[in-house]
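[1] Need a 3D model of the sequence below.
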Amino acid sequence: MEIESSAFGTITIEGKTYEHDVIIRLSGEVARRKKKLSKKYYGTSQVLSKDEAKFVFEKGCEQLVLGSGQFGNMHLSPEAEAYFAKKGLHGPVAADP
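    Got it, this is the predicted structure:
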């Protein structure tokens with residue numbers, strides 16, 4: 001699966017442009033990110049909460065690649081980091097904007 005480009009508010013994957021944040025599932029399905037799961041705790045979607053980490057995680061996943069956003073502000077909450085570590089994920093690897 002190729003991420004071809006991104007700009008503020010858009011990302012193009014395999015020739016299709018999305019105007020919202022996305023999650024690429026292990027199956028290759030591109031799903032909408034559920035930002036509200038994090039925003040309710042932190043007042044921003046730039047911090048990934050444990051609730052959103054549970055939504056993102058899939059059995060069989062070995063590594064998480066987290067796009068940092070166009071301005072590099074996206075990061076994991078300490079609770080999300082602990083959740084992913086408990087699941088044995090390597091990373092997360094932050095992708096440059």
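[2] any idea how far the residue nearest the centre of the chain lies from residue 15?
    With the centre of the chain defined as its mean C-alpha position, the nearest residue by Cα atoms, centre = their mean is residue 66, 4.7 Å away. Distance, residue 66 to residue 15, by Cβ to Cβ, to the nearest Å: 23 Å. Yep, even glycine has a C-beta here, placed from its N, CA and C like the rest.
[3] Look up the closest residue to the residue of the chain positioned farthest from its centre, ignoring the ones flanking it.
    In terms of distance from the mean C-alpha position of the chain, residue 15 ranks first, at 19.8 Å (Cα atoms, centre = their mean). Distance criterion Cβ to Cβ, 6 or more residues apart in numbering; nearest residue to residue 15, sequence neighbours excluded, is residue 4 at 7.2 Å.
[4] Tell me the confidence at the one you found?
    Looking at residue 4, its pLDDT reads 94.
[5] Is it in a helix, a strand, or coil?
    Of the three states, residue 4 takes strand according to DSSP: H, G, I helix; E, B strand; the rest coil.
[6] Could you double-check that it sits in contact with residue 13?
    Yes: counting by Cβ atoms under 8 Å, residue 4 touches residue 13, with 6.8 Å between them.
[7] out of those two, which sits in the busier spot?
    Under the criterion of other Cβ atoms under 10 Å, the comparison of residue 4 against residue 13 puts residue 13 first, with 17 against 11.
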